[in-house]
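Peer 1: Curious how this folds, go ahead:
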Amino acid sequence: MTRFFLIRHGCTQASDEPWFRGRVDVQLDSIGKSQAEATALWITGQHTVDAVFSSPLVRARQTAEVIARVLRLPVQVHRGLIDINYGVWQGLRLCEVRSRWLKLLNMWNTRPHETCIPGGERLHEVRSRAVAALFEIGNCYPEGCVVLVSHAVVNRLILLEAKGWKNNRLWEITQGNCELNVLALRDEQLHLIVEHQLSHLDMLDFGGMEHV
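Peer 2: The predicted model follows:
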């Protein structure tokens, strides 16, 4: 059995206004680094970790690097953990998308599994490559414990897979910054052990979570 600690990256240097970040690179801010340190300390008290994997995007890699430093492990980058490609929406503020693609935005908010953003990824595509990444990593650490640092949409889809839910239930799952989930890969099946772990951040004053 492979055990996974699935984590969303920490808070970043970004506007409080909602925007579609996707593949745009942004740095962690001081709060995000503190969140990553608190996450690392919680993990060290739970289990011996064999590997740390990260999305290639800077905010995820910086989070993983903080965690890996505490665990005294290198960070391994896996492309399957990268954030969703928002296509023509990427890097735009919510108000900009609303003014130009109101009907499509409403579909994204209500029927995300049916939404096709021009130039972007469909949810089933993101889910397929993210789950494939977990199985690939699990095969490399069949009896190990692995930290995975990724993004809100990606983590939601992995959790949907573990729950046996369809992609239409995407918005029923929340993923805050450095929110932690524990999964197990056993008998070729993903199993959810812990969801929405945030108690390790209780001592931090981080002023809320970022928008997706």
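
Peer 1: Pull the distance from the biggest helix by length in the chain to the chain's centre.
Peer 2: For the chain, the longest helix by residue count, based on DSSP state H, is helix 123-140. Taking C-alpha atoms, centre = their mean, to the nearest Å, one finds helix 123-140 lying 13 Å from the centre of the chain it belongs to.

Peer 1: The helix or strand just after it vs helix 123-140, what angle?
Peer 2: Once the chain leaves helix 123-140, the next helix or strand it forms, by DSSP states H and E, is strand 145-150. Using axes from the mean of the first three to the mean of the last three C-alpha atoms, to 10 degrees, the inter-axis angle of strand 145-150 relative to helix 123-140 is 150 degrees.

Peer 1: partner strands of strand 145-150, parallel or antiparallel?
Peer 2: Sheet pairing of strand 145-150 (DSSP bridges) gives strand 2-8 (parallel), strand 51-54 (parallel).

Peer 1: Kindly state which of the ones you listed is positioned closest to residue 37.
Peer 2: strand 2-8 (12.6 Å; C-beta to C-beta). C-beta: built from backbone N, CA, C; applies to glycine.

Peer 1: Rounded mean pLDDT for the strand ranked longest in the chain, please.
Peer 2: Across the chain, the strand with the greatest residue count (assigned by DSSP state E) is strand 189-197. Averaging pLDDT along strand 189-197 gives 92.

Peer 1: for that strand, the distance to its chain's centre please.
Peer 2: 14 Å.

Peer 1: cool, stretch 25-42 as well?
Peer 2: 14 Å.

Peer 1: returning to that earlier point: quick one: buried residues of the longest helix of the chain?
Peer 2: Within helix 123-140, the residues that count as buried by 16 or more other C-beta atoms under 10 Å are 123, 126-127, 129-131, 133-134, 137-138.

Peer 1: can those go into a markdown table with extra columns for pLDDT and distance to residue 61?
Peer 2: As requested, the buried residues of helix 123-140 are exported to a markdown table (pLDDT from 0 to 100; distance: C-beta to C-beta, whole Å):
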| residue | pLDDT | distance to residue 61 |
| --- | --- | --- |
| 123 | 98 | 24 |
| 126 | 98 | 19 |
| 127 | 98 | 22 |
| 129 | 98 | 18 |
| 130 | 98 | 17 |
| 131 | 98 | 21 |
| 133 | 98 | 15 |
| 134 | 98 | 18 |
| 137 | 98 | 16 |
| 138 | 97 | 21 |
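
Peer 1: Among these, which pair sits farthest apart?
Peer 2: 123 and 138 (22.1 Å).

Peer 1: three-state assignment of residue 181?
Peer 2: strand (DSSP: H, G, I helix; E, B strand; the rest coil).

Peer 1: Could you report the neighbour count for it?
Peer 2: 22 (other C-beta atoms under 10 Å).

Peer 1: My guess is it contacts residue 156. True?
Peer 2: No: using C-beta atoms under 8 Å, residue 181 is not in contact with residue 156, being 10.1 Å away.
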